[in-house]
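S.K.: Fold the following for me, if possible:
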Amino acid sequence: MALGQNSAWRLAIPLKVFFQRFAFLSLICLSIALLVLGKADLVVMERVRTISTDALSPVLSTLSQPINALNKGIERVRELASLVEENERLRRENERLLKWQSVSRSLDRENDYYRRLLNALSDPLVLPITARVVGDSGGPFVRTLLLGAGTLDGVRVGQAAVGPHGVIGRVVEVGHQSARVLLLTDLNSRIPVALENSRHKGILVGDNSSSPKLEFLPTNAQVSPGDKVVTSGDGGLLPAGWPIGMVASVAEGQVRVQAYADWTRLEYVSVLRYDLPGLTDKHNNPGDLGESKLGN
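M.R.: Numbering: from 1, shown residues only. Okay, the predicted model is just below:
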């Protein structure tokens, strides 16, 4: 028995020594062989990788389901929290709007009461007559526009002409199918205006420049760049409150106004048919007035 064990031990020792000597070299050779095999046959390696992926895909899908469910739950909780916050914000906004609605109704009733108490008259009806710009300057005026509408359309001398952003001038000549508008910037233009905030009144005087002057303001008037300028309605020929422009500069007692109108892009202009009872009838029918005097 001892002899057999000694024989086995003597055989195992050389094998052990052999493996110790050549194990590292064997692993290096195996790695090189695998690299060569991977480079040599890409189709086989790709197929092996595909089979491995297919085998692991159901496992990974099963493992990812709890994680996806947890993410969806977290997102749902966040959405609920956001909805609660938005609902609270809308509730506060609704309460604020209800308060303003109550105040608005109260002010409306108060204004209606004062209106009846003062027996205030509403402004006359303003009806626009829209016409196309068919020409520019001509005649004794420097800065004018020629419109394709005249007396047959209801246009008459003195009416205000407005563009997309505000008043641009007034009608100075009228034919049966055409009318000429004197722009605010013309040297002959004089328009009664007012400062929208302070309500100080003055005259907008054109001087053939792009920024007409604001003159005849009260001595105590405080004017600053950016103040809005609107029509005052003085004289009864132009409606009050229509925008014209804003104060561009105040220097050495001279106030310049920059009009809202873009003079280079005016294609259509609206003429305001502003009817004052007892005033426009005389302007529209001077012959009738003369005939009545001759008849009397």
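S.K.: Could you pull up the residues touching the closest residue to Pro218 other than its chain neighbours?
M.R.: With sequence-adjacent residues excluded and distances taken as C-beta to C-beta, 6 or more residues apart in numbering, Pro218 is closest to His200, at 5.5 Å. All C-beta spots, glycine's among them, are computed from the backbone N, C-alpha and C. Contact analysis of His200 by C-beta atoms under 8 Å, 6 or more residues apart in numbering lists 194, 217-218, 221, 223.
S.K.: So for stretch 218-238, what gets flagged as buried?
M.R.: By neighbour count on 16 or more other C-beta atoms under 10 Å, the buried set for stretch 218-238 is 223, 227-233, 237-238.
S.K.: Whichever helix or strand Arg105 is part of - contacts with which helices or strands?
M.R.: Assessed by DSSP states H and E, Arg105 sits inside helix 42-118. With contacts defined as 3 or more C-beta pairs under 8 Å, 6 or more residues apart in numbering; DSSP states H and E, the packing partners of helix 42-118 are helix 2-40.
S.K.: hang on, Gln177 is in a strand, isn't it?
M.R.: No - using DSSP: H, G, I helix; E, B strand; the rest coil, the secondary structure at Gln177 is coil, not a strand.
S.K.: need the contact list for it.
M.R.: With contact set as C-beta under 8 Å, 6+ apart, Gln177 has these partners: 148-150, 152-153.
S.K.: So it versus Val171, what's the distance?
M.R.: Applying C-beta to C-beta, to the nearest Å, the value for Gln177 to Val171 is 14 Å.
S.K.: again with Trp100
M.R.: 42 Å.
S.K.: swap in Asp227?
M.R.: Relative to Val171, Asp227 is positioned 27 Å away (C-beta to C-beta).
S.K.: hmm, back to that, could I get the phi/psi values of the residue nearest to Pro218?
M.R.: When read as degrees, to the nearest 10, the backbone of His200 gives phi -70, psi 140.
S.K.: can you list the domains in this structure?
M.R.: Domain segmentation of the chain under automatic domain parsing yields 29-122, 126-275.
S.K.: Hmm, Ile129 and Val271 touching each other?
M.R.: Yes - at 4.5 Å, Val271 and Ile129 qualify as touching, with contact defined as C-beta atoms under 8 Å.
S.K.: Overlap of the contact sets of those two?
M.R.: What both Val271 and Ile129 touch, as defined by C-beta under 8 Å, 6+ apart, is the set 149, 155.
S.K.: out of these two, which sits in the busier spot?
M.R.: Val271 (25 against 18; other C-beta atoms under 10 Å).
S.K.: what's across from that one in the sheet?
M.R.: Val271 forms beta bridges with Ile129, Ala161, as assigned by DSSP bridges.
S.K.: Distance check, it against Leu147.
M.R.: To Leu147, Val271 is 7 Å away according to C-beta to C-beta.
S.K.: same question, Ser198
M.R.: With distances taken as C-beta to C-beta, Ser198 is found 34 Å from Leu147.
S.K.: neighbour count winner among those two?
M.R.: Comparing Ser198 with Leu147 by other C-beta under 10 Å, the one with more neighbours is Leu147, at 27 against 15.
S.K.: Give the full set of residues in contact with that one.
M.R.: 131-134, 155, 161, 178-181, 269, 271 are the contacts of Leu147 under C-beta under 8 Å, 6+ apart.
S.K.: Apart from its neighbours in sequence, what residue is nearest it?
M.R.: Once flanking residues are discounted, Leu147 sits nearest to Ala131: 4.1 Å by C-beta to C-beta, 6+ apart.
S.K.: and the one you found, what helix or strand is that in?
M.R.: Using DSSP H and E, Ala131 falls within strand 126-135.
S.K.: That strand packs against which elements?
M.R.: For strand 126-135, the packing partners by 3+ C-beta pairs under 8 Å, 6+ apart come out as strand 144-147, strand 268-274.
S.K.: Need these in a markdown table (columns: distance to Pro243 and mean pLDDT).
M.R.: Shown next, in a markdown table, are those (distance: least, C-beta to C-beta, whole Å; pLDDT from 0 to 100):
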| stretch | distance to Pro243 | mean pLDDT |
| --- | --- | --- |
| strand 144-147 | 19 | 92 |
| strand 268-274 | 13 | 87 |
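S.K.: mind checking which of the ones you listed is nearest Ala81?
M.R.: For Ala81, the closest of the helices and strands packed on strand 126-135 is strand 268-274, at 53.5 Å, according to C-beta to C-beta.
S.K.: Give me the buried positions along that closest one.
M.R.: Of the residues in strand 268-274, 269-274 count as buried by neighbour count, 16+ other C-beta under 10 Å.
S.K.: try stretch 128-137
M.R.: 129, 131, 133.
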